[in-house]
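J.: Based on what follows, work out the 3D shape:
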Amino acid sequence: MNVARVMTVSGALATGLVLASVWSISTGAVSVPWAVIANTLFDLEGPKQDFIVMKSRLPRTVLAVLTGGALALSGAIIQALLRNALASPKVIGINSGAALAVCLAVMAGAGAAWLPLYAFAGGVVAAFIVWLGSLRRRASPARLALIGIAVGFLCDTGVDYILVTAPTYQFSAPLVWMTGSLWSRGWTDVNAVAPLLLPLGALALLISYRLDLIRLGDSPARGLGVNVPLERPLLLLLATALAAVSVAAVGALGFVGLMAPHIARQLVGGDHRGLLPVAMLTGMLLVVLADAAGRALAPPIEVSAGILTALFGAPFFIFILLTNRRGDT
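T.: Residues are numbered from 1 along each chain as shown. Prediction:
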């Protein structure tokens, strides 16, 4: 791992993230000058916008940072475990499983505080089904991706059925949420997911070197002291938790978990000790930019961040599919 390169790239991404976050806070139906943002954030003399900055845009920007980083880490872990460049939380069905579980929970009258738990359960079930498919006849990476896509389509069909048949008043807000949106998100949402995502993200960064060993294959990894049958399911569970909790907070932000690890790999190489933090920063930057751009395109109308990430993510997926001949990373 080229430590100097990783540090340089991380510094550049962190700087870009700060600038993107300031832009995110400034843009929308009501534009807020950067000077006013500084006055509000640091309690300086001059004009301020406490409600817009502190209660509306700052929490959704913080939430974009948390969920973007978590989805990127989840995607990087899944790609390493499956040795599949096409793998991501969205592609293997975790996002869709979490979304279906949240819709079922809303129908059952569950409170917002419980949604991350239901999303986690739904993501785990979807990942478990895909995992069973991988055990059968040692499915190839390409076949495993197809199993995940099938599971995702099945869950998406369930979501569509619920949305069509449920009373309109019950799912007016979830309809916006399903597109992958940070609309109306506040500090309550940040407080609900931060205690989960922060330790999970830290754990992923701490054990990143284990992914390099597992990527070598089962036999070489065992020779290096890795308990593959135990560690691989635990790492998949970690990736599932990161993705599922994020989906519970902001909806199905597709392709972030696919794009961020690939961009990071192009920047710093495949060593996961450098890849994971760079992928995390890249995912944060992608979601913050998508949320800000969605508010800047046609104010006061907001375009969901999930729509913008899908707009760029779908061609990105096709590009990887066409250029990745071996079907692995």
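J.: In the stretch 151-300 of the chain, where is pLDDT below threshold?
T.: 168-177 (pLDDT under 70).
J.: Which residue ranges of it form helices?
T.: Using DSSP state H, counting those that start in this stretch, the helices assigned to the stretch 151-300 of the chain run over residues 168-178, 187-206, 208-214, 218-223, 228-250, 256-268, 272-296.
J.: got CSV for these, with mean neighbour count and distance to V9 too?
T.: Yep, even glycine has a C-beta here, placed from its N, CA and C like the rest. Formatted as CSV, the helices of the stretch 151-300 of the chain follow (neighbours: other CB atoms under 10 Å; distance: least, CB to CB, whole Å):
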stretch, mean neighbour count, distance to V9
helix 168-178, 15, 33
helix 187-206, 16, 16
helix 208-214, 19, 16
helix 218-223, 13, 28
helix 228-250, 23, 22
helix 256-268, 25, 5
helix 272-296, 26, 6
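J.: how about those helices, which one is nearest T15?
T.: With distances scored as CB to CB, the stretch of the helices of the stretch 151-300 of the chain nearest to T15 is helix 272-296 (10.1 Å).
J.: Check what pLDDT A145 gets.
T.: At A145, the pLDDT value in this model is 71.
J.: can you tell me the helix or strand for it?
T.: According to DSSP states H and E, A145 maps onto helix 141-165.
J.: now that helix, how far from the chain's geometric center?
T.: Centroid separation for helix 141-165 versus its chain: 18 Å, with CA atoms, centre = their mean, to the nearest Å.
J.: what does stretch 155-172 give?
T.: On CA atoms, centre = their mean, the centre of stretch 155-172 falls 23 Å from that of its chain.
J.: Touching it from outside, list them.
T.: Applying CB atoms under 8 Å, 6 or more residues apart in numbering, the contact partners of stretch 155-172 are 93, 96-97, 99-100, 103-104, 106-107, 122, 126, 174-175, 178.
J.: wait, which of the helices of the stretch 151-300 of the chain is closest to W34?
T.: Proximity to W34 (CB to CB) singles out helix 272-296 among those, at 13.3 Å.
J.: Show me what the closest one is packed against.
T.: helix 3-26, helix 58-82, helix 187-206, helix 208-214, helix 256-268, helix 305-323 (3 or more CB pairs under 8 Å, 6 or more residues apart in numbering; DSSP states H and E).
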